[in-house]
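Novice: kindly generate the corresponding structure for this input.
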Amino acid sequence: MRACELAVGLVAAGENWPDAVQAAEHALADPVCRGSASCVSKALGALVCAGELVVADAHSIAVLDESPDDRALAEHVLLVRAQVARRTGDLTRCAALLEALRDNGAEDGIRPEVLFWSVEVLVALGEPRAAEAVLRGHGGSGALLLAAEAVVAMAAGRPDDALTAHLAFGQATGVVNPAVLPWRAWASRAALACGDTGLACRLAAEEHAAACRWGEPRALGTSLAAVAACSSGGEALVAYERAIRLLELAHARAELAHVLCDYADHLTAQGKQAGEIYDRARATALDIGHEVLVRRCGTVRGEAPALTPVETEVVRLVRAGLANREVAARLAMATRTVELHLTRVYRKLGLSGRRELRTLRTHRGASDGFPA
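Specialist: Numbering: from 1, shown residues only. A predicted model of the protein is given here:
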């Protein structure tokens with residue numbers, strides 16, 4: 001398992017991501033490693049941090065096929081697949097996988113990660129109360145709990161608490177590599193919201209220096225966006241545009257939507273036209289189900305909330321009389337995923353439930369994204 005430890009060491013140090021990928025793949029080719037939940041989890045995690053998401057997912061499927069009855073291995077792999085879904089912008093799938101882990105009582109070794117990513121993705125899906133319920137129901141402690149508390153605090157409009165928790169997380173863990181968790185970029189955003197520009201800029205600069213050492217496009221793009229938010233004039237524009245190109249290269253749709261929205265805000269503040277950038281940010285956010293960014297862009301553009309293409313299809317089938325399990329079978333998704341889509345539809349359209357959805361008049365405008 002030396003290859004696995006090498007991969008983990010390179011990720012922890014935040015250096016030489018190509019070598020980390022090579023070491024992780026060597027580890028996963030070793031039957032001894034493939035029979036160990038911990039080794040598989042570490043090697044797959046290294047691939048995820050290196051941005052090799054397709055490779056990580058393929059290995060995940062192969063490992064599960066080889067050991068279908070190993071529950072511990074299955075849980076570790078399921079968490080990795082949830083992280084792959086999150087990083088590719090499939091927020092609904094990520095939430096469903098994490099919920100399955102919580103419902104099945106994930107083992108102690110991965111429970112903190114399941115908690116953190118559950119909170120983070122629920123906030124992105126526009127469900128802060130559900131995120132807080134998950135957080136409060138955990139009843140544990142640890143560094144990732146601090147990170148989860150920071151995410152909830154920021155969503156609740158308490159950037160001072162978010163900043164304190166992010167900094168506490170960084171001090172407790174010493175996480176260097178932003179591909180593991182971009183806590184300095186998040187702390188920088190919280191510091192800006194608190195009016196502490198000096199701290200925000202220092203954190204952003206540290207994050208970008210660490211991202212440059214690692215070299216992976218997603219980490220570089222995210223860190224450059226943090227630098228851009230602390231900059232002004234042409235320097236900010238260049239940083240935003242470079243961040244956008246890097247995030248496009250990494251296919252980091254959630255991060256891209258966020259940076260596009262920030263970029264549009266910056267252009268607007270400079271008195272420049274940003275309508276097309278807002279439209280692109282909103283379209284990207286809609287595609288991945290990032291409700292917070294959809295509402296943020298929609299508010300700026302003065303638009304009503306719209307349904308995503310998947311939500312529109314779910315609504316069409318429900319209005320045709322299909323039960324959730326039938327909708328799930330028709331769309332090749334889990335029943336719980338259908339339920340998550342419907343929950344967001346009810347919230348967007350101001351409905352109390354399925355009965356109102358099925359009896360809602362069908363002449364709403366196409367701008368509402370509602371299927372007639």
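Novice: right, and Leu286 touches Thr308 too?
Specialist: Yes - when contacts are counted by C-beta atoms under 8 Å, Leu286 is listed as touching Thr308 (5.1 Å). Every residue, glycine included, has its C-beta placed from N, CA and C.
Novice: for the closest residue to Arg253 other than its chain neighbours, helix, strand, or coil?
Specialist: Sequence neighbours aside, Gly89 is the residue nearest to Arg253 in space, at 3.2 Å (criterion: C-beta to C-beta, 6 or more residues apart in numbering). Secondary structure state of Gly89, per DSSP: H, G, I helix; E, B strand; the rest coil, is coil.
Novice: enumerate every residue touching Gly89.
Specialist: His251, Ala252, Arg253, Ala254, Ala257, Asp287, Ile288, His290 (C-beta atoms under 8 Å, 6 or more residues apart in numbering).
Novice: what about Val152, neighbour count?
Specialist: When neighbours are defined as other C-beta atoms under 10 Å, Val152 has 23 of them.
Novice: the one 10 residues further on too?
Specialist: When neighbours are defined as other C-beta under 10 Å, Ala162 has 25 of them.
Novice: any idea how far Glu113 is from it?
Specialist: Distance of Ala162 to Glu113, given as C-beta to C-beta, to the nearest Å: 20 Å.
Novice: same question, Cys230
Specialist: 29 Å.
Novice: same thing with Asn177?
Specialist: Using C-beta to C-beta, we find Asn177 at a distance of 15 Å from Glu113.
Novice: now Ala193. Nearest residue, chain neighbours left out?
Specialist: When the adjacent residues along the chain are set aside, Ala193 lies closest to Pro159, with 3.6 Å between them (C-beta to C-beta, 6+ apart).
Novice: thought the one you found was touching Trp186?
Specialist: No - counting by C-beta under 8 Å, Pro159 does not reach Trp186; the two are 10.5 Å apart.
Novice: between those two, which one's more packed in?
Specialist: It is Trp186, of Pro159 and Trp186, that has more neighbours when counted by other C-beta under 10 Å, with 26 against 21.
Novice: got the phi and psi for the more buried one?
Specialist: phi -70, psi -40 (degrees, to the nearest 10).
Novice: what's near enough to touch it?
Specialist: Ala150, Val151, Met154, Ala162, His166.
Novice: residues touching the last one, list them.
Specialist: Same thing as His166. Contacts of His166 (C-beta under 8 Å, 6+ apart): Leu146, Ala147, Ala150, Trp183, Arg184, Trp186, Ala187, Ala190.
Novice: please repeat the previous calculation with a cut-off of 6 Å.
Specialist: Contacts for His166 were tallied using C-beta atoms under 6 Å, 6 or more residues apart in numbering; they are Ala150, Trp183, Trp186, Ala187.
Novice: how about the fourth one?
Specialist: Residues in contact with Ala162 (C-beta under 6 Å, 6+ apart) are Ala150, Ala153, Met154, Ala190.
Novice: let me see the backbone angles for it.
Specialist: Main-chain dihedrals, Ala162, degrees, to the nearest 10: phi -60, psi -40.
Novice: buried residues of stretch 318-334, list them for me.
Specialist: If you call a residue buried by 16 or more other C-beta atoms under 10 Å, then stretch 318-334 has these buried ones: Val318, Arg319, Leu322, Asn324, Val327, Ala328, Met333, Ala334.
Novice: pLDDT, secondary structure and distance to Val80 for the residues you listed - can I get that in a markdown table?
Specialist: Formatted as a markdown table, the buried residues of stretch 318-334 follow (pLDDT from 0 to 100; DSSP: H, G, I helix; E, B strand; the rest coil; distance: C-beta to C-beta, whole Å):
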| residue | pLDDT | secondary structure | distance to Val80 |
| --- | --- | --- | --- |
| Val318 | 89 | helix | 32 |
| Arg319 | 87 | helix | 37 |
| Leu322 | 90 | coil | 33 |
| Asn324 | 91 | helix | 27 |
| Val327 | 91 | helix | 28 |
| Ala328 | 90 | helix | 23 |
| Met333 | 83 | coil | 20 |
| Ala334 | 84 | coil | 18 |
